[in-house]
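> Curious how this folds, go ahead:
(one chain, ligands or ions: 1)
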Amino acid sequence: WDLRALRCSFTADCECGFGPDLRGLECELAVTLVGQPLVRRQLMEGLRQFLEKRSPEKPLVMSFHGSTGTGKTFVSAMLVRHLFPEGLQSPHVHQFSPIVHFPHAEHVERYKENLKHWIQGNLTNCGRSVFLFEEMDKMHPGLIDVIMPFLGPSWVVYGTNYRKAIFIFISNAGGEQINEMTLDLWRAHQDREEISLQDMEAAISKAVFENPQSGFWRSGIIHEHLIDFVVPFLPLKRHHVKQCVINELVQQGLEVRHGVVQEVADSIPYFPEEEKLFSSTGCKTVASRISFFF
Ligand SMILES: Nc1ncnc2c1ncn2[C@@H]1O[C@H](COP(=O)(O)OP(=O)(O)OP(=O)(O)O)[C@@H](O)[C@H]1O
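Okay, the predicted model is just below:
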């Protein structure tokens, strides 16, 4: 007997090793992700809505935006780990980085063909495939539009049902707008959880669509509203950085010393110049700085 086939005939979720664990994800986000209430909300809501449907009407498309070190890569890896047990190592999780996969502007037409075939082939192999597009702001404009047919609600493309796939775009684009809105809110004495997602989504979409340096420049993906969830990563404050230092010390099995936490947090640059509120590098350099102060 093929036990896998037998199990699959009784369960709906057995699709090329796809085993979503939303509770586990929610729990890990609550414990390890610092200062990103909107991310938790958007991500969990998006996934729940999508995974509840046995036959979704379109693939799930999310776009992560925010300045450096705010947790975009961290969250995407965590998300993937809670969808496929092998996480980023799963053969059904595909990462694309413009610098690695699409380095030369003069080869864009070839990249378009390759990308289309790659996605089509992998969706034929596993409808639950996850595609991660990193550093979207470094992507040649126009290239990403080749995947538009895979993101919409059509039933099949080239004979493949692709509606169960998940696409995630990651970029720094829109980060400035997010930072400005968060700063305005702080100046108005409002809580960061009170940021209106609608306002932020509109500002981010406009910023990436109108920026010639963005992979989404004049992109049909934005114009046709193919992104289901825009996920804004807010700039991190000093107390968030301190929490990152504590998390990192615990993870490295080191003693959590107040002095070290303070020194690492103090060594990081903050903006704006006057108030020095938000970390310019988020928590990105925390791990490497710990060895200097411990
Ligand atoms: N909000 C956060 N909560 C907890 N840890 C964080 C957070 N943001 C960043 N970190 C820590 O900093 C490291 C670097 O963050 P990450 O790579 O996710 O940043 P990023 O937003 O993808 O930045 P970039 O735009 O430069 O790629 C993570 O591995 C994690 O340890």
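> looking at it, residue 203 is touching residue 175, isn't it?
No - between residue 203 and residue 175 there is no contact under CB atoms under 8 Å: 11.1 Å. All C-beta atoms are positioned from the backbone trio N, CA, C, and that covers glycine.
> So those two - more neighbours on which side?
The residue with more neighbours, out of residue 203 and residue 175, is residue 175; 22 against 19, by other CB atoms under 10 Å.
> where are the low-confidence patches of the stretch 51-200 of the chain?
Scanning the stretch 51-200 of the chain for pLDDT under 70 picks out 154-161.
> and it, which residues reach the ligand?
66, 68, 69, 70, 71, 72, 73, 74, 172 (CB under 6 Å from any ligand atom).
> Now do the same contact list for the fourth one.
It refers to residue 70. 36, 175, 233, 234, 235, 236, 282, 283 (CB atoms under 8 Å, 6 or more residues apart in numbering).
> Which of those residues sits closest to the ligand?
Distance ranking of the contacts of residue 70 against the ligand, using CB to the nearest ligand atom, places residue 283 first at 3.5 Å.
> and that closest one, what does it touch?
Taking CB under 8 Å, 6+ apart, we find residue 283 in contact with 34, 69, 70, 71, 236, 240, 241, 244.
> Just the residues you listed: which are in helices?
Within those, residues falling in helices by DSSP state H are 240, 241, 244.
> excluding its backbone neighbours, what's nearest the last one?
Put plainly, it is residue 244. With CB to CB, 6 or more residues apart in numbering as the criterion, residue 244 has its nearest non-adjacent residue at 3.6 Å, and that residue is residue 283.
> Just the pLDDT at that neighbour, thanks.
Residue 283 carries a pLDDT score of 97 in this model.
> Am I right that it sits in a helix?
No - assigned with DSSP: H, G, I helix; E, B strand; the rest coil, residue 283 falls outside any helix and is coil.
> and the gap between it and residue 162?
Distance, residue 283 to residue 162, using CB to CB, to the nearest Å: 35 Å.
> Could you work out the most separated pair of the contacts of residue 70?
The distance between the two most remote of the contacts of residue 70 (CB to CB) is 14.8 Å, for 175 and 283.
> Kindly indicate whether residue 132 is helix, strand or coil.
Going by three-state DSSP: residue 132 is strand.
> what residues are up against it?
Taking CB under 8 Å, 6+ apart as the test, what residue 132 contacts is 76, 80, 93, 94, 95, 96, 168, 170.
> which of the residues you listed lies closest to the ligand?
The closest of the contacts of residue 132, once distances to the ligand are taken by CB to the nearest ligand atom, is residue 170, at 6.6 Å.
> surely that closest one meets residue 135?
Yes - between residue 170 and residue 135 there is a contact under CB under 8 Å: 6.9 Å.
> Residue 150 falls within a helix, correct?
Yes - under three-state DSSP, residue 150 falls within a helix.
> show me what contacts it?
With CB under 8 Å, 6+ apart, residue 150 has these contacts: 59, 119, 120, 123, 157, 162, 165, 167.
> Could you rerun that using 6 Å?
By CB atoms under 6 Å, 6 or more residues apart in numbering, the contact list for residue 150 reads 119, 162.
> quick one: residue 35 from residue 111, how far?
On the measure of CB to CB, residue 35 and residue 111 end up 36 Å apart.
> actually residue 137, not the one I typed
For residue 137, the distance to residue 111 equals 17 Å [CB to CB].
> which non-adjacent residue is nearest residue 142?
Nearest non-adjacent residue to residue 142 (CB to CB, 6+ apart): residue 108, at 6.8 Å.
> Verify the stated contact: that neighbour with residue 140.
Yes - assessed by CB atoms under 6 Å, residue 108 is found in contact with residue 140 at 5.1 Å.
> what separates the residue nearest to residue 142 from residue 94, distance-wise?
As judged by CB to CB, residue 108 and residue 94 stand 19 Å apart.
> cool, and residue 38?
26 Å.
> ok, the two, which is more surrounded?
In this view residue 38 and residue 94 are compared by other CB under 10 Å, and residue 38 has more residues nearby, 19 against 16.
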